[in-house]
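Trainee: A predicted structure for the sequence below; I have some questions about it.
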Amino acid sequence: MNPFNVLQVREGATQSEINDAYKKLKAEYSERRFLPGREGADACRRLEEIEEAYREATQQITDSYNISGGHKYQDVEDAIREENIEYAQTLLDNMASRDAEWNYYQAIVFYKKNWHNEAIKQLQMAVASDPHNANYRDSLNELQNAMLFGGASNPRGSFYGEKSSGEGQQRSYRDRPPQQEQPYCCTPCGMCQGLLCADCCCECMGGDLISCC
């Protein structure tokens with residue numbers, strides 16, 4: 001059975017069109033399945049067909065990206081940018097091949113769900129698969145530093161969908177400018193300066209934070 005016909009969309013429909021049709025049909029037949037007799041049974045059967053058609057149509061679109069050489073994660077990125085996180089997760093789940101870039105986008109989805117530890121694990125897998133990718137390394141450092149210093153709920157950086165300055169447009173998750181500022185940097189020198197400053201304050205108040213100074 002042609003999945004596009006089941007979903008009542010044209011051949012070659014975009015993933016967004018397929019998603020809209022799927023949600024509309026699912027909502028319609030979900031209400032009917034509780035009807036008595038044959039009508040309810042037919043609605044249940046129809047729901048199964050809709051679910052299968054949605055998976056097949058999504059897979060066909062993913063395969064077409066691979067064949068044409070297009071960016072197969074574009075729909076995932078668009079869904080994330082539109083805050084349609086469950087849809088982005090569905091697209092990722094339906095991908096047969098899971099490379100370093102798949103781990104990267106899965107990390108973003110997990111982050112958007114506030115599953116920060118799982119996001120870090122996915123970024124670690126991305127870095128392990130493609131250690132020369134600066135975007136994956138920088139994103140992992142950003143999130144780890146944000147977690148360390150309690151800023152994971154509102155960190156900075158392109159991994160989190162930061163808007164580019166001046167244009168009001170969000171930068172692509174794939175594009176990271178060179179030498180981007182790294183947030184929440186912590187160096188031994190900076191820590192020593194902070195401790196010495198705190199020691200001075202304590203001594204002024206009659207205490208002593210560092211006894212050797």
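Mentor: Here it is on my side, so go on.
Trainee: from here on, contacts and neighbour counts on C-alpha atoms
Mentor: Fine.
Trainee: and the longest helix for this structure?
Mentor: helix 37-68 (DSSP state H).
Trainee: can you list the buried residues in that one?
Mentor: For helix 37-68, the neighbour count (16 or more other C-alpha atoms under 10 Å) marks 40, 43-44, 46-47, 50-51, 53-54, 56-59, 61-62 as buried.
Trainee: repeat for stretch 12-25
Mentor: Result for stretch 12-25 [16+ other C-alpha under 10 Å]: buried residues 15, 18-19, 21-22, 25.
Trainee: could I get the average pLDDT for that stretch?
Mentor: On average, the pLDDT along stretch 12-25 is 86.
Trainee: contacts for that stretch next, please.
Mentor: For stretch 12-25, contacts defined as C-alpha atoms under 8 Å, 6 or more residues apart in numbering pick out 4, 7-9, 50-51, 54, 57-58, 61, 75, 87.
Trainee: number of residues surrounding residue 97?
Mentor: Neighbour count of residue 97, defined by other C-alpha atoms under 10 Å: 9.
Trainee: so what pLDDT did it get?
Mentor: 75.
Trainee: quick one, what contacts the residue nearest to residue 88 when sequence neighbours are not counted?
Mentor: Sequence neighbours aside, residue 76 is the residue nearest to residue 88 in space, at 4.9 Å (criterion: C-alpha to C-alpha, 6 or more residues apart in numbering). Listed by C-alpha under 8 Å, 6+ apart, the contact partners of residue 76 are 87-89, 91-92, 105.
Trainee: residue 7 touches residue 50, doesn't it?
Mentor: Yes: in this structure, residue 7 is within contact of residue 50 by C-alpha atoms under 8 Å, at 6.5 Å.
Trainee: domain assignment for the chain?
Mentor: 1-70, 73-182, 189-213 (automatic domain parsing).
Trainee: element containing residue 77, please.
Mentor: helix 74-81 (DSSP states H and E).
Trainee: list every C-alpha atom in stretch 40-54, with coordinates, as PDB.
Mentor: Taking Å, rounded to 0.1, in the frame of the first residue of the first chain, the C-alpha atoms of stretch 40-54 are listed here in PDB:
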ATOM      1  CA  GLY A  40     -14.500   1.100  16.300                       C
ATOM      2  CA  ALA A  41     -12.700  -2.000  14.900                       C
ATOM      3  CA  ASP A  42     -12.200  -0.300  11.500                       C
ATOM      4  CA  ALA A  43     -10.800   2.800  13.300                       C
ATOM      5  CA  CYS A  44      -8.200   0.600  15.100                       C
ATOM      6  CA  ARG A  45      -7.200  -1.000  11.900                       C
ATOM      7  CA  ARG A  46      -6.900   2.400  10.200                       C
ATOM      8  CA  LEU A  47      -4.700   3.700  13.000                       C
ATOM      9  CA  GLU A  48      -2.300   0.800  12.400                       C
ATOM     10  CA  GLU A  49      -2.200   1.600   8.700                       C
ATOM     11  CA  ILE A  50      -1.500   5.300   9.500                       C
ATOM     12  CA  GLU A  51       1.400   4.400  11.800                       C
ATOM     13  CA  GLU A  52       3.000   2.100   9.300                       C
ATOM     14  CA  ALA A  53       2.500   4.600   6.400                       C
ATOM     15  CA  TYR A  54       4.100   7.400   8.500                       C
END
